[in-house]
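**Student:** okay, sequence plus prediction incoming.
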Amino acid sequence: MVDSQIGPTKEDIYVARMLRKSTKKIILAANKADNKDWTDFNFNQLGFGDPFTVSATSGRNVAELLDLIVENIGKAVEEEQQEQQEEELPPRRIAIAGRPNVGKSSLLNAFLGEKRTTVSDVPGTTRDAVDTLIEYDGTKYILVDTAGIKKRYKYDEQLDYVTIKRSEQAIHRSDLVILVIDGSVGATSDDQHLARYIADEGKACVVVVNKIDLVEDKAALEENLSHQLRFIDYAKRVNVSALTGKNIIKIFPHIVAALKSYNDRITTGRLNRWLAQVTDKQPPNVHKGKVLKIYYVTQAITRPPTFQFFVNDIDAASESYMRFLENNLREEFELEGTPVRFSRRQHR
Ligand SMILES: Nc1nc2c(ncn2[C@@H]2O[C@H](COP(=O)(O)OP(=O)(O)O)[C@@H](O)[C@H]2O)c(=O)[nH]1
Ligand SMILES: [Mg+2]
């Protein structure tokens, strides 16, 4: 409540700033409006629109204010119920994918051995894709141990086609993929195929480089991985040994961060403040004889975060400038472990 006769005070502005950070519904009431429905001061600057004028002494508009409050309480309750329903969404699905023998099942066992919080094996699953419910930091996740994807050999083409499809299906149905690589072998073309599939599917991903206990030349491995897995360069890599347990505890924090980024929604306000800043600091160069102008950007969808840029001319946007924007956006909004998609729309 503000005093309609003296305009926004320093204190009003201070309190408004606090309230703007709150997620609660705010109604701005301007009191002492004894005989008019407006104020002569600009209370709009507080960020809650035009004030609702009332007079406590004369009772003017008080009933109407009460109506407004009741109406908004109804809405708030509905929203809260909706949020609760969202909290009760099924656990996120995490697919453990990788070639045969890289250590997927060993990794799953290492998780369970360490956490000792397996709730149950979910029944009714196929032999090569077992669902396990696991709890980490108070949140439940479903881990899906997939069969490995193998190269198709002529003599058992049928069988391997099925394994590939099952594995791809598990990835398709997941929110995040743990891609397990055998560190003692390095990433092969099959691993590259998987990485590409994960990226095309737009899935969050953490790369687990297993059997690190067997690796001597770590630098060579690094070089091999960054080349072979360039399609999922957004994914963090963790070197572990499912056998000795080394670094197993480092995996889940990356999973949590990646899932958060994957589900993130950035408001249009924040996005456009970022855009103004970044294009001011590094404006686009002339490209194909044109200069790119970006009018605004919005996040169209989540899972993965997908951004729509409204531009003067699609051709004026060079790949390198869009990549620069992507890297900058990832940094600014701390997006890790998730693909980010950009689309451009012409706007005149
Ligand atoms: N040296 C070493 N061997 C491992 C490690 N993890 C798994 N293995 C071995 O690799 C083989 C395949 O493991 P498994 O979990 O069945 O692989 P999956 O086919 O991907 O499920 C088994 O003999 C494991 O004991 C590890 O970190 N280090
Ligand atoms: Mg296995």
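**Tutor:** In hand now; what should we look at? Numbers count the residues shown, from 1 in each chain. Ligands and ions are numbered 1, 2, ... in the order given.

**Student:** got the residues of the stretch 51-200 of the chain near ligand 2?
**Tutor:** Within the stretch 51-200 of the chain, the residues that sit near ligand 2 (Cβ under 5 Å from the ion) are K104, S105. All C-beta atoms are positioned from the backbone trio N, CA, C, and that covers glycine.

**Student:** how about the residue of the stretch 51-200 of the chain found nearest ligand 2, what does it touch?
**Tutor:** Here the stretch 51-200 of the chain gets closest to ligand 2 at one residue, S105, 3.3 Å apart by Cβ to the ion. For S105, the contact set (Cβ atoms under 8 Å, 6 or more residues apart in numbering) comprises D145.

**Student:** right, is the one helix or strand it maps to up against ligand 1?
**Tutor:** In the assignment (DSSP states H and E), S105 maps to helix 104-115. Yes: using Cβ under 6 Å from any ligand atom, helix 104-115 reaches ligand 1 at K104, S105, S106.

**Student:** could you count how many residues lie near the first one?
**Tutor:** To tie it back to what came earlier, the one meant is K104. 25 (other Cβ atoms under 10 Å).

**Student:** nearest residue to it other than its sequence neighbours?
**Tutor:** Of all residues not flanking K104 in the chain, I96 sits nearest, at 4.8 Å (Cβ to Cβ, 6 or more residues apart in numbering).

**Student:** so for the helix holding S105, what's the average pLDDT?
**Tutor:** Averaged over helix 104-115, pLDDT sits at 83.

**Student:** can you show me the helices along the stretch 1-150 of the chain?
**Tutor:** Secondary structure of the stretch 1-150 of the chain (DSSP state H, counting those that start in this stretch): helices at 10-20, 62-87, 104-115.

**Student:** highest average neighbour count across the ones you listed?
**Tutor:** Mean neighbours per residue, mean count of other Cβ atoms under 10 Å, is largest over those for helix 104-115, with a mean of 18.

**Student:** how distant is that one from the center of its chain?
**Tutor:** The chain centre lies 26 Å from the centre of helix 104-115; the measure is Cα atoms, centre = their mean, to the nearest Å.

**Student:** over to stretch 275-295?
**Tutor:** Put simply, stretch 275-295 sits 26 Å off its chain's centre (Cα atoms, centre = their mean).

**Student:** and the contacts of that stretch?
**Tutor:** Contact with stretch 275-295 is made by 296-297, 309-313, 315-318, 321, 324-325, 328-329, 332, 347, as judged by Cβ under 8 Å, 6+ apart.

**Student:** what distance do you get for M1 to K281?
**Tutor:** As judged by Cβ to Cβ, to the nearest Å, M1 and K281 stand 42 Å apart.

**Student:** among the two, which residue is more densely surrounded?
**Tutor:** M1 (16 against 8).

**Student:** quick check: that one vs K236, distance?
**Tutor:** 49 Å.

**Student:** now swap in V209 and tell me
**Tutor:** According to Cβ to Cβ, V209 and K236 sit 11 Å apart.

**Student:** before we move on, what about Q308?
**Tutor:** From Q308 to K236 the distance is 27 Å (Cβ to Cβ).

**Student:** name the nearest residue to the residue of the chain most remote from its centre, ignoring sequence neighbours.
**Tutor:** The outermost residue of the chain, judged against the average C-alpha position, is S58 (51.7 Å), by Cα atoms, centre = their mean. Computed as Cβ to Cβ, 6+ apart, the closest residue to S58 that is not its neighbour in sequence is D34, at 5.4 Å.

**Student:** care to break the protein down by domain?
**Tutor:** Listed domain ranges for the chain are 2-87, 92-263, 268-346 (source: automatic domain parsing).

**Student:** buried deepest among those domains, which one?
**Tutor:** Taking mean count of other Cβ under 10 Å, domain 92-263 is the most buried of the domains of the chain, at a mean of 18.

**Student:** torsion angles phi and psi at I212?
**Tutor:** Phi and psi for I212, reported as degrees, to the nearest 10, are phi -70, psi -20.

**Student:** give the contact list for it.
**Tutor:** By Cβ under 8 Å, 6+ apart, the contact list for I212 reads G183, N239, V240, S241, K246, N247.

**Student:** okay, the nearest residue to T53 once chain neighbours are set aside and ligand 2: tell me how far apart.
**Tutor:** Spatially, and ignoring its direct neighbours in sequence, T53 is nearest to A33 (3.6 Å; Cβ to Cβ, 6+ apart). Here A33 is placed at a distance of 72 Å from ligand 2 (Cβ to the ion, to the nearest Å).

**Student:** could you tell me which of the contacts of stretch 275-295 belong to strands?
**Tutor:** Y296, V297, F309, F310, V311 (DSSP state E).

**Student:** turn those into CSV, including distance to ligand 1 and pLDDT.
**Tutor:** Compiled in CSV, the ones in strands among the contacts of stretch 275-295 are given as follows (distance: Cβ to the nearest ligand atom, whole Å; pLDDT from 0 to 100):
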residue, distance to ligand 1, pLDDT
Y296, 47, 90
V297, 41, 92
F309, 41, 94
F310, 46, 91
V311, 45, 92
